[in-house]
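K.L.:
Give me coordinates for this.
(one chain, ligands or ions: 3)
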Amino acid sequence: MASTLINGGDYSVLDMDNKAGYGGGVDDVYGEDSATEDQLVTPWTVSVASGYNLLRDPHHNKGLAFTEKERDAHYLRGLLPPAVLTQELQEKRLMHNLRQYEVPLHRYTAMMDLQERNERLFYKLLIDNVEELLPVVYTPTVGEACQKYGSIFRRPQGLYISLKEKGKILEVLKNWPERNIQVIVVTDGERILGLGDLGCQGMGIPVGKLSLYTALGGLRPSACLPITIDVGTNNEKLLNDEFYIGLRHKRATGQEYAELLEEFMTAVKQNYGEKVLIQFEDFANHNAFELLSRYSSSHLVFNDDIQGTASVVLAGLISALKLVGGKLADHNFLFLGAGEAGTGIAELIALEISKQTKTPVEETRKKIWLVDSKGLIVKSRIGSLQHFKRPWAHEHEPVKELLDAVKAIKPTVLIGSSGVGKTFTKEVVEAMASLNEKPLILALSNPTSQSECTAEEAYTWSKGRAIFASGSPFDPVNYEGKVFVPGQANNAYIFPGFGLGLIISGAIRVHDDMLLAASEALAAQVSEENYEKGLIYPPFTNIRKISAHIAANVAAKVYELGLASHLPRPKDLVKYAESCMYSPLYRSYR
Ligand SMILES: NC(=O)C1=CN([C@@H]2O[C@H](COP(=O)(O)OP(=O)(O)OC[C@H]3O[C@@H](n4cnc5c(N)ncnc54)[C@H](OP(=O)(O)O)[C@@H]3O)[C@@H](O)[C@H]2O)C=CC1
Ligand SMILES: CC(=O)C(=O)O
Ligand SMILES: [Mg+2]
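P.N.:
Ligands and ions are numbered 1, 2, ... in the order given. Purely as a prediction, here's the structure:
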C-alpha cells in the first residue's frame, strides 16, 4: 500500500510487475473502525485551505510565489501584494536577510519563523545552503537556542508529553495533526549536547534533528514527529527562570520515570504501528542504555548518541586509514569520555575489528582504552564502574590524567567524547604528535564551547600533522601558509540516511550490522579530492546523495538479515532511495 512508502516512491525500480505488492490490508489510520464503544476517537476532518488560512498554513503557503491563477482560484486576491516571485528569488531574498544577522541566535529564530510560515521554502534554503545553515538549525546554535528556549519561545513545535499526561499519552498522540508518522525523535532533555540538563527546553534538539531528517535524508516533514518528555529538571537555573516552559520540579526517577516511558512506548506502537522509527536523543546515559536495551526487541528503536555516533566515527576511521595507513586492527584507541558516545563508538570499532580479523570481540576490545572523570578505566576499578564501562576495564595500573594515559597507552587515535571543552591541551596534542607521524584526533563534543580542542589548536600544536575532525564545525585553518580543512564528525551524516534505509525497507528491528553498513557507505563517499585536503568525511554539500547511498546499504542489510517487511526488494536500492526523497519545490494548486 502506497501509504507505507515515502512520497509514493518510484515503482519502476521495483523488481515486480504487480504494483500492489507492498503490504496489503486496509489502513484504519484514525483508529475509528477498530475503536470499541468506550474508546474515544478524534473526529478528524479534512478540509481544503484557501484565502487567509492558506497563507497561514505553513505546509501549503507559498507567499509571493502564488501564481496569478492560484490567487484567483484560492481567494488570495488582495491578501498579497501584486508581485509574483519565483521560489528561487524568495530563497535569494531570505538568504540575503539571514546573512545580515550577526548574532547566530537571530538566524536561528529567523529560520524557525520561516519553518512555521513556509515549510517548503525553509527546506529549499536548508537543502541548497546546507553547509551554511547546518550550524544555524543544528550544532552549535541549536544548543544556545535550547538554553534560551523559554525566552525565544514563539509557536510551539513538536509534541510535549509531561508527567501531567500520565495515563493519557495515547490521547495526546492523537492530538498531533498528522497520522502517518514514520520517524519520532524523542528526548527527555537530560543531556542536551554537552550542555547538561535543559529539561523541557531540549525540544530544540528533536525539532532540529527532524529538520535534518527531511533536508539531509529526504523524509517528508509530515512523517516526522519531534517529542519532548518532561519529567522535570534538576537544572536549578531553569527551575528559577520565570520564563522556563517545563514542569517546575526535580526530575522524576525510578518507577515513576519507567512507567511514563513504558506508557509512551506502548502508545506510540499502538498509534503508529510497529514500523515507526523511534530515535532516542540526548537522554542521560543512566537511562539511555537501559531504554535502548529494553525496547530494542519490541520496537524499531535507535539511539543516535550511542549508535549513530558510533557509525559516523567508524566511517571516519575507515577513511582515515587511507591517510594514516594500516588496518583498523593495527591502531590503538584512547577515548576521553566513557559514556554513550565513547562506549558506543568503542563497541562498534571492536565489532568491526572482530569481523575483519575473525577474533572474538572480547579480544579486540583490548585495543581500546577509555578515560572517564576519574581517570583511565582499569580492572581495579571494576567494582564501582557502570555496566557499560565494565567491558573496557583492562589490566593496567591506575592513571588519573589524560596526558599520562596518552603516554602510557600510546594511542594512534584520540577521541574526545567527554562533553568538556579544552581538555585536549597543548601537552596532550603534542604528546600525540610525538607518538605518531599523523595523529588522528577527533574532538566530538558539542557544541563548539565543549569541543575538546579547536581545529586551530589541533593543527598548530601538532605542527600541521594532525588529522582532525570535530562534532561542531570549525572554519579552515591557515597554518604556515597551508590551508587545513577540518571535517565534521557528527552523527548528522548517518541518522538521516540510516533512518531512510530502515523505512524504505520496512525494517522491523535495528541490528548492529546495519550500523556497520552505514559506516562503510559513508566512508566510500570520501573522494580522492577530499583526502588530498586531509578530510575524512565528504562535504555536507552532497549529503542527499550520501544519504541515498547510506540508505541503500542499510536497506540491503535489512533485506539480507530477513528484517525487511517491504517486499519484494527493489532492484536498485540507491535509485529507489533517491526516488523516495522529499522535494521542497512548490507544487501547483488546481
Ligand atoms: N559528534 C557527535 O556526533 C556527537 C557528539 N556527542 C557529544 O559527546 C559528548 C558526550 O556525550 P555522551 O557520551 O552522550 O555523554 P555521557 O554523559 O554519556 O558521557 C560523558 C563521559 O565523559 C566523562 N567526563 C566528563 N567530564 C570529564 C572530564 N573532565 N574528564 C574526563 N572524562 C570526563 C564522563 O565521566 P563519568 O562517567 O565519570 O561521569 C562520561 O564518561 C557531548 O558533548 C555530546 O554533545 C554525543 C553524541 C554525538
Ligand atoms: C550530535 C549529537 O547528537 C550530540 O551532540 O548529542
Ligand atoms: Mg545527541
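K.L.:
Can you pull the residues of the protein lying near ligand 1?
P.N.:
Within reach of ligand 1 by C-beta under 6 Å from any ligand atom, the chain has these residues: 191, 193-194, 285, 305, 309, 312, 336-342, 371-374, 417-420, 423, 444-446, 450, 471, 489-491. C-beta: built from backbone N, CA, C; applies to glycine.
K.L.:
which residue does the stretch 451-590 of the chain bring closest to ligand 3?
P.N.:
Nearest to ligand 3 in the stretch 451-590 of the chain, going by C-beta to the ion, is residue 491, at a distance of 6.8 Å.
K.L.:
State the helix or strand in which the residue in the stretch 1-150 of the chain that ligand 2 sits nearest to lies.
P.N.:
Among all residues of the stretch 1-150 of the chain, residue 139 sits closest to ligand 2, at 5.9 Å; criterion: C-beta to the nearest ligand atom. Assigned by DSSP states H and E, residue 139 belongs to no helix or strand.
K.L.:
ditto for residue 457
P.N.:
Here residue 457 is assigned to helix 455-461, by DSSP H and E.
K.L.:
what about that helix, average pLDDT?
P.N.:
If you average the pLDDT over helix 455-461, you get 98.
K.L.:
List the buried residues for that helix?
P.N.:
455-461 (16 or more other C-beta atoms under 10 Å).
K.L.:
so residue 128 sits right up against residue 91, yeah?
P.N.:
Yes: using C-beta atoms under 8 Å, residue 128 is in contact with residue 91, at 6.6 Å.
K.L.:
What about the closest residue to ligand 1 within the chain, how many residues nearby?
P.N.:
Going by C-beta to the nearest ligand atom, ligand 1 is nearest to residue 339 of the chain, at 1.9 Å. Per other C-beta atoms under 10 Å, the neighbour tally for residue 339 reads 25.
K.L.:
which ones are touching the nearest residue to it once chain neighbours are set aside?
P.N.:
Once flanking residues are discounted, residue 339 sits nearest to residue 285: 4.6 Å by C-beta to C-beta, 6 or more residues apart in numbering. Contact analysis of residue 285 by C-beta atoms under 8 Å, 6 or more residues apart in numbering lists 191, 339-340, 386, 388.
K.L.:
Give me the contacts around stretch 392-411.
P.N.:
Outside of stretch 392-411, the residues that reach it under the criterion C-beta under 8 Å, 6+ apart are 331-334, 336, 338, 343, 346, 365-366, 368-371, 374-382, 385, 414, 423-425, 427-428, 431-432, 435.
K.L.:
Repeat the analysis, applying 6 Å as the threshold.
P.N.:
332-334, 336, 366, 369-371, 375-379, 382, 427-428, 431, 435 (C-beta atoms under 6 Å, 6 or more residues apart in numbering).
K.L.:
same check, this time on stretch 382-389
P.N.:
289, 338, 343, 377, 390, 393.
K.L.:
From the contact counts, what lies against the longest strand belonging to the chain?
P.N.:
Secondary structure assigned by DSSP state E gives strand 224-230 as the longest strand of the chain. Packing partners of strand 224-230 (3 or more C-beta pairs under 6 Å, 6 or more residues apart in numbering; DSSP states H and E): strand 159-162, strand 183-187, helix 204-217.
K.L.:
The shortest one pairs with which strands, parallel or anti?
P.N.:
The pairing partners recorded for strand 159-162 under DSSP bridges are strand 224-230 (parallel).
K.L.:
what element comes up after the partner strand heading to the C-terminus?
P.N.:
helix 236-239.
K.L.:
Now do that next one, average pLDDT.
P.N.:
Averaged over helix 236-239, pLDDT sits at 98.
K.L.:
Can you name the residues in contact with the next helix or strand after that helix?
P.N.:
The element immediately downstream of helix 236-239 (helix or strand, assigned by DSSP H and E) is helix 254-272. For helix 254-272, the surrounding residues in contact (C-beta under 6 Å, 6+ apart) are 166, 169-170, 173, 181, 231, 295.
K.L.:
how about these in a markdown table, adding pLDDT and neighbour count?
P.N.:
Listed next are those as a markdown table, based on pLDDT from 0 to 100; neighbours: other C-beta atoms under 10 Å:
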| residue | pLDDT | neighbour count |
| --- | --- | --- |
| 166 | 97 | 15 |
| 169 | 97 | 22 |
| 170 | 96 | 18 |
| 173 | 97 | 21 |
| 181 | 97 | 18 |
| 231 | 98 | 25 |
| 295 | 98 | 19 |
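K.L.:
Can you say which two of the residues you listed are spatially most distant?
P.N.:
181 and 231 (22.4 Å; C-beta to C-beta).
K.L.:
If any of the contacts of stretch 392-411 are buried, put those into a PyMOL selection.
P.N.:
The PyMOL command for the buried members of these (criterion: 16+ other C-beta under 10 Å) is given here:
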select buried, resi 332+333+334+336+369+370+371+376+377+378+428+431+435
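K.L.:
Let's see which of the contacts of stretch 392-411 end up in strands.
P.N.:
Per DSSP E, the subset of the contacts of stretch 392-411 in strands is 333-334, 336, 369-371, 375-376.
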